[in-house]
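J.: coords please:
(one chain, ligands or ions: 2)
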Amino acid sequence: MIPHLWGIYRERQHSPGREFDDAEILRLVAKHVEAAGYQVHLKMPEELRGIDDPSPALIFLMCERIETLGLLEPLETKGIPHVNPLQAVLNTYRDRMIPLLVGSAISIPRSQIISSNSSGPAHSSPQLESYTFPIWIKRADVHNTQSGDVELVPSLEQLRAALAVLHDRGISRVVLQQHVPGDLIKFYGIGKPRMGRQEGAWFRWFYHRDQELARYPFSEEALQALTQQAAAAIGLEVYGGDAIITPAGKIVLIDINAWPSFALFREEAASRIAAWLLHCVRKEALL
Ligand SMILES: Nc1ncnc2c1ncn2[C@@H]1O[C@H](COP(=O)(O)OP(=O)(O)O)[C@@H](O)[C@H]1O
Ligand SMILES: [Mg+2]
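T.: Ligands and ions are numbered 1, 2, ... in the order given. Here you go, the predicted structure:
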């Protein structure tokens, strides 16, 4: 029997404005994997309920909801490799990501995870006053799924208002994060650097459009090393994210996500991801 792999699409609610790009990278990866002689079954997250399918050799996934990851858990426990590993996807939830990055000494903006219930006058805790505005307020669990999930607030009053809105939406925990001025960079990575060496892992970066670029000088090697360290801390093998280059040339990591759409590099990324998946499948077959 031809070994087969599963690919799981991202939940639609988690791809606001990127539905096509997110689906397209998964489809392209599947094409490359099929061209190497494997079968691929692409599935929507809701199709994972009650599945009765012979064990796939590997599962690659863009889904990220806790419920969906829970449906895959028995398969990962059974020993079927997942890219990204389920734990790594959970680790991108901000309330896990921030402590993991801090614990690995990755440079991130000053961040604090607080209850969204801190908005009332009774809770006008000094921690809120201690920030220099503007600051970012972000829901502490999943990444941006709708407007208001990630917002720059200019003052304490507006911070309190934003906290109240998130609280009313049922989002109990939020991250407050210092704003870091500078050039905004987007990065992508695939694979793991072999034995600490950077070759073997794919890495690209570009300046985010829609910004007034200052082009502060910085070390590309340092950016690559930082993003790969962050991916290792989270456990990611296919990832993307955001970083700021400060006027002093310091690189500050803002965000790291599992399996982005790779939109600007779709063709190249799809073939590199497929190569990584095949590497994982063949390694498994040798064990
Ligand atoms: N601390 C920060 N300093 C500067 N810009 C930020 C900061 N946090 C977020 N941003 C800006 O907001 C965007 C979205 O924030 P991010 O944490 O990446 O959330 P998400 O990707 O879930 O929307 C970033 O790409 C960046 O432009
Ligand atoms: Mg981001």
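
J.: near ligand 2, which residues of this structure?
T.: Within the chain, the positions near ligand 2 by C-beta under 5 Å from the ion are Asp242, Asp255. All C-beta spots, glycine's among them, are computed from the backbone N, C-alpha and C.

J.: which residue does the chain bring closest to ligand 2?
T.: Using C-beta to the ion, the single residue of the chain nearest to ligand 2 is Asp255, 3.6 Å away.

J.: Count residues in the vicinity of that residue, would you?
T.: As a burial measure, the neighbour count of Asp255 was computed by other C-beta atoms under 10 Å and equals 18.

J.: any idea how far Glu11 is from His279?
T.: 27 Å (C-beta to C-beta, to the nearest Å).

J.: How about Ile2?
T.: With distances defined as C-beta to C-beta, the gap from Ile2 to His279 amounts to 18 Å.

J.: got the residue ranges for the strands in the stretch 151-287 of the chain?
T.: Listed in chain order, the strands of the stretch 151-287 of the chain (DSSP state E, counting those that start in this stretch) span 173-178, 183-190, 202-207, 238-245, 251-258.

J.: between those strands, which gets nearest to Gln229?
T.: Ranking the strands of the stretch 151-287 of the chain by proximity to Gln229 (C-beta to C-beta) places strand 251-258 first, at 9.1 Å.

J.: Flag every buried residue along that closest one.
T.: The neighbour-count check on strand 251-258 (16 or more other C-beta atoms under 10 Å) flags Ile251, Val252, Leu253, Asp255, Ile256, Asn257, Ala258 as buried.

J.: In JSON lines: these, plus pLDDT.
T.: As requested, the buried residues of strand 251-258 are exported to JSON lines (pLDDT from 0 to 100):
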{"residue": "Ile251", "pLDDT": "98"}
{"residue": "Val252", "pLDDT": "98"}
{"residue": "Leu253", "pLDDT": "98"}
{"residue": "Asp255", "pLDDT": "97"}
{"residue": "Ile256", "pLDDT": "98"}
{"residue": "Asn257", "pLDDT": "97"}
{"residue": "Ala258", "pLDDT": "98"}
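
J.: Tell me the one among those residues nearest to Pro74.
T.: Closest approach between the buried residues of strand 251-258 and Pro74, by C-beta to C-beta: Ala258, at 20.1 Å.

J.: so the closest one makes contact with Glu64?
T.: Yes - judged on C-beta atoms under 8 Å, Ala258 makes contact with Glu64 at a distance of 6.3 Å.

J.: Could you tell me which residues touch both of these two?
T.: Listed as contacting both Ala258 and Glu64 by C-beta atoms under 8 Å, 6 or more residues apart in numbering are Val89, Thr92.

J.: quick revisit: okay, Ile2 and His279: which has more neighbours?
T.: Under the neighbour definition other C-beta under 10 Å, Ile2 and His279 were set side by side, and His279 has more, 13 against 8.

J.: Please name the nearest non-neighbouring residue to the more buried one.
T.: Spatial nearest neighbour of His279, excluding adjacent residues (C-beta to C-beta, 6 or more residues apart in numbering): Gly191 at 7.9 Å.

J.: what's stretch 173-181 in contact with?
T.: Residues outside stretch 173-181 that contact it (C-beta under 8 Å, 6+ apart): 94-95, 98, 109-116, 128, 131-132, 134-141, 152, 159, 163, 166, 244, 246-247, 252, 254.

J.: Please pick the buried ones from those.
T.: When the contacts of stretch 173-181 are checked for burial by 16+ other C-beta under 10 Å, the buried set is 94, 98, 109, 111, 113-114, 116, 128, 131, 134-141, 159, 163, 166, 244, 246, 252.

J.: near ligand 1, from the residues you listed?
T.: Residues of those in contact with ligand 1 (C-beta under 6 Å from any ligand atom): Pro109, Trp136, Lys138, Ile244.
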